[in-house]
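Colleague: Make a model of this:
(one chain, ligands or ions: 1)
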Amino acid sequence: MAYFDWNATTPVLAEARESWIRASEQSWGNPSSAYRLGALAKLELDKARKSVADNLRVDPKQVIFTSGATESINGFMVAAEARSPETAKVWISAVEHSAVHKAALEYWGENRVEVIPVDQGGVVDIDWIRQGLTPQPPALVCMMAVNNETGVLQPWQEVLQLCEAAAIPFFCDAVQWFGKIVNADAPLDRCAGVAASGHKFGAPKGTGLLILGNDWRGIHLQVGGSQEQGSRAGTENVPGAVSLAAALDYRMACKLSEGQLVARDQFEQKLKLRWPGEVQIHAEASPRTWNTCSVSLPKFKAARWIARLDKRGYQVSAGSACGTGKTRISPVLAAMGVDEDMAARTIRVSSGWETSPEDWDGLFDAIVSVYEELDSEQPPSGPGQVIQI
Ligand code: PLP
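Modeller: Predicted coordinates for the structure are as follows:
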């Protein structure tokens with residue numbers, strides 16, 4: 001498979017698709033209806049909730065089905081702010097996804113958001129947290145489990161423990177952790193909130209989770225009916241919940257081959273050997289998920305690499321976000337001290353369960369071929385010249 005953007009989204013698993021179709025055909029009733037068709041839909045929803053809860057080792061009552069992580073994050077942030085003293089702060093790490101970053105700014109206000117720094121390897125500064133928790137405790141600490149750009153595994157379980165000791169609620173954006181780290185005995189049930197998106201692990205888009213800590217059950221993401229234990233009003237997306245549960249169940253049981261576990265590292269070594277001193281692997285020495293490589297390639301801007309790789313059938317993404325037509329440095333790379341030039345040449349490669357070591361070899365060959373092609377082209381000269389991407 002030449003698709004290398006699994007951190008952006010993933011193909012829908014056959015198990016999830018079939019579950020979705022079955023639930024749509026057989027359990028299309030409204031789970032709140034009093035007759036048997038409604039009861040059947042309610043049963044399917046309850047089964048999906050129990051399956052998710054068993055896989056994640058939480059209580060089914062802690063599981064709220066949502067439309068995706070962005071909704072889960074926004075809903076939680078609003079509720080957490082409403083529970084906090086007026087001037088209390090929220091801490092977020094410097095490498096949070098914009099869903100957390102913007103929600104914090106929007107609902108808490110700039111003056112109440114404090115940023116936890118990261119080191120050059122993109123790992124949050126746990127000492128900063130340890131030292132800050134006692135003198136001026138925040139009302140909430142937010143930290144992702146895995147960074148979407150670099151794949152860096154954050155020490156969120158340690159931070160959770162620190163927060164528990166200081167009686168401060170901890171929220172985890174676990175979007176890139178779900179479906180990648182398998183059978184991990186993680187204390188999700190002890191977090192105040194955990195957000196996930198189904199489409200990142202083989203469920204359809206528009207499906208997501210919010211796992212709520214026991215003290216947080218009953219917060220309102222949206223009001224109206226009493227669905228989802230009163231936390232999320234609105235008729236439930238039963239096929240979506242059922243397919244999310246099926247995808248999670250399938251992924252939690254998947255095993256990676258030895259070859260798959262080392263393929264990313266071998267790819268990185270090959271890049272470094274091919275262009276010594278010109279390739280920079282970001283967060284190379286940090287603990288990372290097996291699937292993600294954030295790499296600054298030689299000479300050319302990310303957009304050119306991406307377009308030419310796409311022509312060869314390989315999909316990768318940029319390490320820099322493009323806003324209003326002007327490429328700006330990725331806040332994640334900026335927080336890690338990566339300079340502008342290097343950030344502009346950074347691509348993110350992210351594989352999935354169905355990616356083979358041969359696929360990684362193919363991607364390496366395609367990168368070499370793109371380099372040779374771009375290098376052989378005349379550099380544009382003179383004003384008004386259009387650079388061919
Ligand atoms: N958090 C992280 C770490 C992500 O990678 C993403 C999506 O890329 C999100 C949150 C938002 O997820 P969604 O767009 O599915 O709501």
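Colleague: Would you mind measuring from residue 199 to residue 45?
Modeller: To residue 45, residue 199 is 19 Å away according to CB to CB, to the nearest Å. C-beta: built from backbone N, CA, C; applies to glycine.
Colleague: How about residue 132?
Modeller: Taking CB to CB, one finds residue 132 at 42 Å from residue 45.
Colleague: same question, residue 348
Modeller: In terms of CB to CB, residue 348 sits 36 Å off from residue 45.
Colleague: Mind checking which of these two has more residues around it?
Modeller: With neighbours defined as other CB atoms under 10 Å, residue 348 and residue 45 compare such that residue 348 has more, 26 against 23.
Colleague: what does the stretch 251-389 of the chain put close to the ligand?
Modeller: Taking CB under 6 Å from any ligand atom, no part of the stretch 251-389 of the chain reaches the ligand.
Colleague: what about the stretch 251-389 of the chain, any weak spots by pLDDT?
Modeller: 319-327, 378-387 (pLDDT under 70).
Colleague: For the helix or strand hosting residue 82, buried residues please.
Modeller: Per DSSP states H and E, residue 82 falls inside helix 69-83. Neighbour-count burial for helix 69-83, counted by 16 or more other CB atoms under 10 Å, picks out 69-81.
Colleague: what's downstream of it, the next helix or strand?
Modeller: As assigned by DSSP H and E, the chain's next helix or strand after helix 69-83 is strand 90-93.
Colleague: Quick one: mean pLDDT over that next one.
Modeller: For strand 90-93, mean pLDDT is 98.
Colleague: again with stretch 242-250
Modeller: 97.
Colleague: contacts for it?
Modeller: With contacts defined as CB atoms under 8 Å, 6 or more residues apart in numbering, stretch 242-250 is touched by 12-13, 15-20, 22-23, 27, 44-45, 47-49, 51-52, 55-56, 65, 178-179, 198, 201-204, 207-209.
Colleague: So which residues of the chain form helices?
Modeller: In the chain, the segments counted as helices under DSSP state H are 14-26, 36-56, 69-83, 98-108, 126-133, 156-165, 238-252, 258-274, 302-311, 331-335, 340-344, 357-376.
Colleague: Just name the most buried of those helices.
Modeller: Of all the helices of the chain, helix 238-252 has the most neighbours on average by mean count of other CB atoms under 10 Å, namely a mean of 25.
Colleague: Determine the angle, from 0 to 180 degrees, between that one and helix 14-26.
Modeller: 160 degrees (axes from the mean of the first three to the mean of the last three CA atoms, to 10 degrees).
Colleague: So what's the residue count around the residue in the stretch 201-350 of the chain positioned nearest to the ligand?
Modeller: In the stretch 201-350 of the chain, the residue that lies nearest the ligand is residue 208 (6.4 Å; CB to the nearest ligand atom). By other CB under 10 Å, 28 other residues sit near residue 208.
Colleague: could you point out where the stretch 101-250 of the chain is predicted with low confidence?
Modeller: Applying pLDDT under 70 to the stretch 101-250 of the chain flags residues 182-184.
Colleague: I'd guessed residue 88 sits against residue 111; true?
Modeller: No. Under the criterion of CB atoms under 8 Å, residue 88 is not in contact with residue 111, lying 11.3 Å apart.
Colleague: Looking only at neighbour counts, state which of these two leads.
Modeller: Between residue 88 and residue 111, counted using other CB under 10 Å, the more crowded position is residue 88 (16 against 8).
Colleague: separation between residue 33 and the ligand?
Modeller: Per CB to the nearest ligand atom, to the nearest Å, residue 33 is found 29 Å from the ligand.
Colleague: And the pLDDT for that residue?
Modeller: 98.
Colleague: Contacts only, for it.
Modeller: Applying CB under 8 Å, 6+ apart, we find residue 33 in contact with 39, 41.
Colleague: ok, now with 10 Å
Modeller: For residue 33, the contact set (CB atoms under 10 Å, 6 or more residues apart in numbering) comprises 39-42, 235.
Colleague: before we move on, back to that, can you list the helices of the chain in TSV and add distance to residue 142?
Modeller: Listed next are the helices of the chain as TSV, based on distance: least, CB to CB, whole Å:
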stretch	distance to residue 142
helix 14-26	28
helix 36-56	19
helix 69-83	8
helix 98-108	6
helix 126-133	12
helix 156-165	10
helix 238-252	23
helix 258-274	28
helix 302-311	28
helix 331-335	15
helix 340-344	24
helix 357-376	33
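Colleague: Point out the residues in the stretch 101-250 of the chain that sit beside the ligand.
Modeller: Residues of the stretch 101-250 of the chain lying near the ligand by CB under 6 Å from any ligand atom: 144, 148, 173, 175-176, 197, 199.
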